[in-house]
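**Student:** Would you be able to build a 3D model of this:
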Amino acid sequence: MNDSKWRPRDLSNEILKEWVRARARTHTDLTADNRLQNVLEAIDSLIEDLPIVGFSIEKGGGGNWDDESIEKISKRLGFKLRIKKSIYSDTKKKFRDEMGPLELVKSFRNRLAHGAISFAECSDGLTVTQLCDLKEKTVNYLREVASCFIAYIESFGFIIESKRPA
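**Tutor:** Residues are numbered from 1 along each chain as shown. Below you'll find the model as predicted:
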């Protein structure tokens, strides 16, 4: 994206929204004058047909990523995750405390980060086999997600079809 080859008009609708959001800083607290200035700069880029440089998508989430968050951002970016049925099913099944594997890992991570529990307490009530199963289900899902994102990028899914390289 940052090779100055692409223009805003080349972007898919979803990615164009993300570009406008980033350029106009619509997700940031700004004064009215600063917001106006950012919007004017975005409009100028559109009018002048300037190449896209230094654009990054606001991911959000911090340590709060789980399967639901991943699905939301993929939808927001305009592509569908294609996860193997068995892996998707494993990810959605409740693993412990009414949470699926990724939700549980997120919960452990947040509670650890905020000092609410120790590493030893993370595994309370879980066998080594269950911990390995938790890891496998999480890793399998994340591998599938990474593959989907890679395929999206390599196929130039962020660019309108008529402008994609052959």
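**Student:** Let me see the confidence value for the residue nearest the centre of the chain.
**Tutor:** With distances taken as Cα atoms, centre = their mean, residue 73 lies nearest the centre of the chain, 4.5 Å away. The confidence metric pLDDT takes the value 91 at residue 73.
**Student:** Following element in sequence after the helix or strand hosting it, please.
**Tutor:** Counting by DSSP states H and E, the element that carries residue 73 is helix 67-76. Stepping forward along the backbone from helix 67-76, the first helix or strand reached (DSSP H and E) is helix 85-92.
**Student:** Okay, helices next: where are they in this structure?
**Tutor:** Using DSSP state H, the helices of the chain run over 13-24, 32-47, 67-76, 85-92, 101-113, 119-122, 128-154.
**Student:** Would you reformat those helices as TSV and include distance to residue 56?
**Tutor:** Heads up, the C-betas are built off the backbone N, CA and C, glycines and all. Formatted as TSV, those follow (distance: least, Cβ to Cβ, whole Å):
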stretch	distance to residue 56
helix 13-24	7
helix 32-47	15
helix 67-76	13
helix 85-92	27
helix 101-113	23
helix 119-122	32
helix 128-154	13
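**Student:** nearest to residue 54, of the ones you listed?
**Tutor:** Nearest of those to residue 54, taken as Cβ to Cβ: helix 13-24 at 9.1 Å.
**Student:** who's in contact with the closest one?
**Tutor:** Identification of contacts with helix 13-24 by Cβ atoms under 8 Å, 6 or more residues apart in numbering yields 8, 11, 26-27, 35, 38-39, 41-42, 45, 52, 55-58, 76-78, 158-159.
**Student:** Give me the buried entries from those residues.
**Tutor:** Neighbour counting by 16 or more other Cβ atoms under 10 Å classes 8, 11, 38, 39, 42, 45, 52, 76, 77, 78, 158, 159 among the contacts of helix 13-24 as buried.
**Student:** Tell me the predicted confidence for residue 36.
**Tutor:** According to the model, residue 36 carries a pLDDT of 89.
**Student:** Report the separation between it and residue 43.
**Tutor:** Taking Cβ to Cβ, to the nearest Å as the criterion, residue 36 is separated from residue 43 by 10 Å.
**Student:** What of residue 10?
**Tutor:** 17 Å.
**Student:** Next: residue 5.
**Tutor:** From residue 5 over to residue 43 the distance is 22 Å, taken as Cβ to Cβ.
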